[in-house]
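Participant: have a look; sequence and predicted model below, questions after that.
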Amino acid sequence: MADYVIAIDQGTTSSRAIVFDSAGSIVSSGQKEHEQILPRAGWVEHDPNEIWANTREVIGQALSRANLTRHDIAAVGITNQRETAVVWDKNTGEPVYNAIVWQDTRTQKIVDELAADGGVERFKDTVGLPLATYFSGTKIKWILDNVDGAREKAEAGDLLFGTTDSWLVWNLTGGTDGGVHITDVTNASRTMFMDLKTLAWDDDILAAFGVPKSMLPEIKSSSEVYGTVAASQLLRETPVAGILGDQQAATFGQVAFERGDAKNTYGTGNFLIVNTGTEIVRSENGLLTTVCYRIGDADPVYALEGSIAVTGSAIQWLRDQLGIISAAPEVEQLAESVEDNGGVYFVPAFSGLFAPYWRGDARGAIVGLTRFANKGHIARAALEATAFQTAEVLDAADSDAGVRMTELKVDGGMTANDALMQFQADILGIPVIRPKVIETTALGAAYAAGLAVGFWSSTEELVKNWQEDKRWEPQLDPAERDRLLRQWKKAVTKTFDWVDDDVR
């Protein structure tokens with residue numbers, strides 16, 4: 001039997017391939033960044049062809065670095081940036097437009113038009129989501145409405161839509177020569193088109209958006225064999241057997257399989273997910289109701305999610321737009337060059353504010369500036385913004401659950417930043433715990449694929465793999481914690497109502 005599973009992690013800033021062994025340990029990996037295309041303020045795009053080319057390259061890197069071949073790989077799992085929308089011609093395999101990224105805010109007018117009849121919660125009872133630029137439904141509509149010939153092609157049945165998991169699976173399994181057009185329940189639950197109860201596309205909502213159903217992929221579970229890699233590819237004949245949207249994949253990788261289990265992922269944005277079991281729980285505090293995962297024919301498992309648009313990408317902004325650091329890890333050293341934030345608060349509402357506010361009219365702000373403030377204070381404020389935003393979504397989750405969380409499992413690249421993790425524990429007032437394998441997003445996709453082919457026998461086996469690496473205990477005086485949070489909330493209010501009809 002093959003000794004490894006490979007996960008493709010198609011993220012917002014890069015694509016990676018990671019090989020895991022049966023203990024859930026990383027054997028090898030490959031990674032390559034792709035271009036962030038920013039045509040206008042608020043617009044964020046990716047080139048789907050670049051993503052596909054990079055994916056093939058990183059698979060080769062991961063295999064060669066461990067001296068492996070396709071015969072060593074039991075299955076392929078895929079995890080992806082969830083709401084990023086790709087529309088392509090099924091006859092040529094060419095995208096009709098760049099992928100519109102989840103952070104993109106160009107569709108606010110579409111949101112406003114759809115919300116004119118029933119408000120932003122018009123479809124929430126069915127899909128668990130408010131109307132927002134975040135989700136892929138409005139992005140598909142924008143492409144159909146704005147790309148020459150796209151609507152006519154879609155209505156003729158010639159166009160396909162998918163989040164980046166669908167794009168990769170279609171290409172991996174043959175593309176124009178028999179490629180499989182599917183997605184899983186977790187990605188489908190982020191379109192605004194899937195009924196949470198039936199796990200099927202909702203015809204009435206599709207009609208309201210003006211999106212032909214023929215464009216949409218078939219909805220599958222998160223763990224089953226969808227097809228095999230095409231003969232033209234490096235992993236030919238290997239089963240593609242697991243798909244989870246990135247945050248659900250991280251939840252799976254953190255083995256949060258029980259009701260009440262939770263994790264927080266620190267990446268381009270931050271995403272807190274709380275497992276609610278087989279019950280659909282409606283948030284009263286600005287969280288999303290979503291599908292957590294579904295294993296084969298088992299009942300779906302649901303979750304509440306607190307989605308934060310900008311955390312790690314704020315550090316990228318300091319590097320790429322301001323130039324005050326040359327590499328992301330330098331932000332920790334710069335932040336520690338000052339004793340505190342000097343009264344500076346940075347609210348990175350670059351894509352509006354997601355949970356718990358859902359304010360599309362918000363834009364980023366740095367407040368509390370004096371002549372005393374320097375780049376160290378701005379760097380510290382950027383890191384602290386990640387922790388403050390997490391505190392707000394955790395409070396919302398605690399309110400919805402009716403009980404306060406006693407610890408927080410964390411993962412993702414920013415958890416390597418000790419200063420941030422200590423401040424996170426301080427501002428939450430509870431321990432923060434990091435596992436030994438922090439690449440839990442890729443690990444979750446590997447687990448889903450491995451379960452489908454019998455590489456792992458059960459979720460109980462996966463739970464035994466989880467090991468704690470480090471924990472941070474809160475050290476901040478409660479009165480100081482309250483003061484910092486009060487100032488943060490005041491800063492957030494300064495970002496509201498920035499966008500008018502003539503400013504997007």
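Facilitator: Right, received. Where do you want to start?

Participant: for the helix or strand hosting Gln248, which outside residues touch it?
Facilitator: Gln248 is located in helix 246-253, with elements delineated by DSSP states H and E. Contacts to helix 246-253, defined as C-beta atoms under 8 Å, 6 or more residues apart in numbering, come from residues 9, 11, 79-82, 186, 222, 244, 261, 263, 265, 267, 271, 273, 275, 290-293, 303, 305, 307, 411-412, 437, 439-445, 447-448. Quick note: C-beta positions are derived from backbone N, CA and C, even for glycine.

Participant: pLDDT weak spots in this structure?
Facilitator: 1, 501-504 (pLDDT under 70).

Participant: rerun at 80
Facilitator: In the predicted model of the chain, residues 1, 401-403, 500-504 satisfy pLDDT under 80.

Participant: circling back: CA atoms only for the helix holding Gln248, dumped as CSV, please.
Facilitator: C-alpha atoms of helix 246-253 as CSV (Å, rounded to 0.1, in the frame of the first residue of the first chain):
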residue,chain,number,x,y,z
ASP,A,246,-9.6,26.1,3.9
GLN,A,247,-11.2,26.9,7.2
GLN,A,248,-13.2,23.7,7.4
ALA,A,249,-10.0,21.9,6.5
ALA,A,250,-8.2,23.5,9.4
THR,A,251,-11.0,22.5,11.7
PHE,A,252,-10.7,18.9,10.4
GLY,A,253,-6.9,19.1,10.8
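
Participant: returning to that earlier point: ok, of the contacts of helix 246-253, which come out buried?
Facilitator: Buried by 16 or more other C-beta atoms under 10 Å: 9, 11, 79-82, 186, 222, 244, 261, 263, 265, 267, 271, 273, 275, 290-293, 303, 305, 307, 411-412, 437, 439-445, 447-448, out of these.

Participant: contacts for stretch 92-102?
Facilitator: 12, 37, 44-49, 51, 81-89, 106, 134, 136, 139, 142-143, 147, 149-150, 153, 159, 164, 167, 171, 175-176.

Participant: mind checking which of those land in strands?
Facilitator: Taking DSSP state E as the definition of strands, these contribute Glu45, His46, Val86, Val87, Trp88, Asp89, Leu159.

Participant: phi, psi for Lys32 please.
Facilitator: phi -150, psi 130 (degrees, to the nearest 10).

Participant: tell me the contacts of Lys124?
Facilitator: Pro130.

Participant: dump stretch 32-48 to PDB, keeping only the CA atoms.
Facilitator: Output of stretch 32-48 as PDB, limited to C-alpha atoms (Å, rounded to 0.1, in the frame of the first residue of the first chain):
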ATOM      1  CA  LYS A  32       4.800  29.100  -4.900                       C
ATOM      2  CA  GLU A  33       3.200  32.500  -4.600                       C
ATOM      3  CA  HIS A  34       0.900  33.900  -7.300                       C
ATOM      4  CA  GLU A  35       0.400  37.400  -8.400                       C
ATOM      5  CA  GLN A  36      -2.100  39.600  -6.500                       C
ATOM      6  CA  ILE A  37      -3.800  41.600  -9.300                       C
ATOM      7  CA  LEU A  38      -5.300  44.900  -8.000                       C
ATOM      8  CA  PRO A  39      -6.900  46.700 -11.000                       C
ATOM      9  CA  ARG A  40      -8.700  49.300  -8.900                       C
ATOM     10  CA  ALA A  41      -9.300  50.200  -5.300                       C
ATOM     11  CA  GLY A  42     -11.300  47.300  -3.700                       C
ATOM     12  CA  TRP A  43     -10.700  44.900  -6.600                       C
ATOM     13  CA  VAL A  44      -8.600  41.800  -6.000                       C
ATOM     14  CA  GLU A  45      -8.000  39.200  -8.700                       C
ATOM     15  CA  HIS A  46      -6.000  36.100  -9.400                       C
ATOM     16  CA  ASP A  47      -5.000  34.500 -12.700                       C
ATOM     17  CA  PRO A  48      -6.600  30.900 -12.700                       C
END
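
Participant: what sits up against it?
Facilitator: Counting by C-beta under 8 Å, 6+ apart, 13-16, 50-51, 54, 57-58, 61, 84, 86, 88, 95, 98-101, 103-106, 164, 167, 351, 504 sit against stretch 32-48.

Participant: would you indicate which residues of that stretch are buried?
Facilitator: Neighbour count says stretch 32-48 has Lys32, His34, Gly42, Trp43, Val44, Glu45, His46, Pro48 buried, by 16+ other C-beta under 10 Å.

Participant: ok, and the closest non-adjacent residue to the third one?
Facilitator: Nearest residue to Gly42, sequence neighbours excluded (C-beta to C-beta, 6 or more residues apart in numbering): Thr105, at 4.1 Å.

Participant: hang on, that neighbour packs against Phe354?
Facilitator: No - judged on C-beta atoms under 8 Å, Thr105 makes no contact with Phe354 at a distance of 11.2 Å.

Participant: thinking again about what came up before, could the ones in strands among the contacts of stretch 92-102 go into TSV alongside distance to Glu407?
Facilitator: As requested, the ones in strands among the contacts of stretch 92-102 are exported to TSV (distance: C-beta to C-beta, whole Å):
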residue	distance to Glu407
Glu45	39
His46	36
Val86	38
Val87	42
Trp88	43
Asp89	49
Leu159	46
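
Participant: quick one: which of those residues has the most company?
Facilitator: Val86 (28 neighbours; other C-beta atoms under 10 Å).

Participant: OK, contacts around it?
Facilitator: Val86 touches Pro48, Pro95, Ala99, Phe161, Gly162, Thr163, Thr164, Ser166, Trp167, counting by C-beta under 8 Å, 6+ apart.
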